[in-house]
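J.: no FASTA, just this:
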């Protein structure tokens, strides 16, 4: 068992205390986060972030395991900032953090079963490509949190319609808060995704002389941009929300996942 693998296990373990803190006690909707919650949330950011800083150490690795860990670290960092500054966002903890832990397990499996990707020093990587990578990872992190908020809205809608409240639904944001949070996050994601498409085209032009190459990643990213934009337009015009809106959000997230993670799965595992 390598040091990197053990470090990954420790990073995953760092995610769980904040979930227990968010779910502790009775199923009360009036629970507010205390000092312990914020400390555990800081730990959940610290573990994956240290893995990324230590393992990559000034390089960029395009492998599946590295991509997953970078996504986890950025998602948890953004979530911590949103939990602190956006009303009721912290209540997504019981859904988001276990999903991040699952991604960490997949990253460990990928690390153990695939050949490590070549590491490229950041100093040798084109500036536009670095900007495109940063924008892409930030977009994926925001859409991940938006998809979790949409899933929370779906669960709350199911709970209300079936009159079956659970401890989990008591801990999640209200349906109205989930909807407003989802729309806000998608609005930011759409703007950053548009910037990502532009920086990607510039990086592609500098690398090959072609402004746009219709590969799988590009097509899926454009489709995700259109789906998210269509959802925002429908929400503005018709007030689309609830289960129908959640389905479109999850579709957009699926498209981005296929473009960002799915391509790496195909190239590194299926076609390897």
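T.: Arrived safely, thanks for sending. All values derive from a computational prediction rather than experimental measurement.
J.: and residue 223, what is it in contact with?
T.: With contact set as Cβ atoms under 8 Å, 6 or more residues apart in numbering, residue 223 has these partners: residue 255. No exception for glycine: its C-beta is placed from N, CA and C like everyone else's.
J.: in the helix or strand harbouring it, what counts as buried?
T.: For residue 223, the host element (DSSP states H and E) is helix 216-238. For helix 216-238, the neighbour count (16 or more other Cβ atoms under 10 Å) marks 217-218, 220-225, 227-228, 231-232, 235 as buried.
J.: average pLDDT for that helix?
T.: Average pLDDT, helix 216-238: 85.
J.: One more: stretch 72-81?
T.: The model assigns stretch 72-81 a mean pLDDT of 96.
J.: same thing with stretch 52-68?
T.: The average of the pLDDT scores along stretch 52-68 is 78.
J.: Endpoints of it, how far apart?
T.: End-to-end distance of stretch 52-68 (Cα to Cα, to the nearest Å): 10 Å.
J.: just to revisit the earlier point, for the buried residues of helix 216-238, which one is nearest residue 194?
T.: Residue 194 lies nearest to residue 225 out of those, by Cβ to Cβ, at 6.6 Å.
J.: pLDDT wise, what is the closest residue to the closest one other than its chain neighbours at?
T.: The shortest distance from residue 225 to any non-neighbouring residue, by Cβ to Cβ, 6 or more residues apart in numbering, is to residue 193 (5.3 Å). Residue 193 is assigned a predicted lDDT (pLDDT) of 88.
J.: Residue 193 contacts residue 222, correct?
T.: No. The pair residue 193 / residue 222 is not scored as a contact, 9.5 Å apart, by Cβ atoms under 8 Å.
J.: Excluding chain neighbours, what is closest to residue 199?
T.: Nearest one to residue 199, counting by Cβ to Cβ, 6+ apart, is residue 132 at 4.0 Å.
J.: which element is that neighbour on?
T.: Counting by DSSP H and E, the element that carries residue 132 is helix 127-162.
J.: packing partners for that helix?
T.: helix 64-85, helix 93-113, helix 167-171, helix 175-208, helix 242-257 (3 or more Cβ pairs under 8 Å, 6 or more residues apart in numbering; DSSP states H and E).
J.: now it: mean pLDDT?
T.: Confidence over helix 127-162 (mean pLDDT, whole number) is 86.
J.: Buried ones in that helix, by neighbour count?
T.: Residues of helix 127-162 classed as buried: 128-129, 131-133, 135-157, 159 (neighbour count, 16+ other Cβ under 10 Å).
J.: now do stretch 50-65
T.: By neighbour count with 16+ other Cβ under 10 Å, stretch 50-65 contains the buried residues 51-52, 55-56, 60-61, 63-65.
J.: Can you tell me which of the residues you listed is nearest residue 259?
T.: Checking the buried residues of stretch 50-65 against residue 259 with Cβ to Cβ, the nearest one is residue 64 at 13.6 Å.
J.: is it true that residue 199 touches residue 139?
T.: No. At 10.8 Å, residue 199 and residue 139 do not qualify as touching, with contact defined as Cβ under 8 Å.
J.: Next up, the contacts around the closest residue to residue 100 other than its chain neighbours.
T.: In space, and not counting its chain neighbours, residue 100 is closest to residue 72: 5.0 Å by Cβ to Cβ, 6+ apart. Contact analysis of residue 72 by Cβ under 8 Å, 6+ apart lists 11, 48, 100, 103-104, 107.
J.: Which one (most neighbours) among the residues you listed?
T.: Neighbour counts for these (other Cβ atoms under 10 Å) peak at residue 48, which has 29 neighbours.
J.: quick revisit: please identify the deepest-packed of the helices and strands packed on helix 127-162.
T.: Sort those by mean neighbour count, taking mean count of other Cβ atoms under 10 Å, and helix 64-85 sits at the top with a mean of 22.
J.: that older thread, can you give me the angle the helix holding residue 132 makes with helix 175-208?
T.: On the basis of axes from the mean of the first three to the mean of the last three Cα atoms, to 10 degrees, helix 127-162 is oriented at 160 degrees to helix 175-208.
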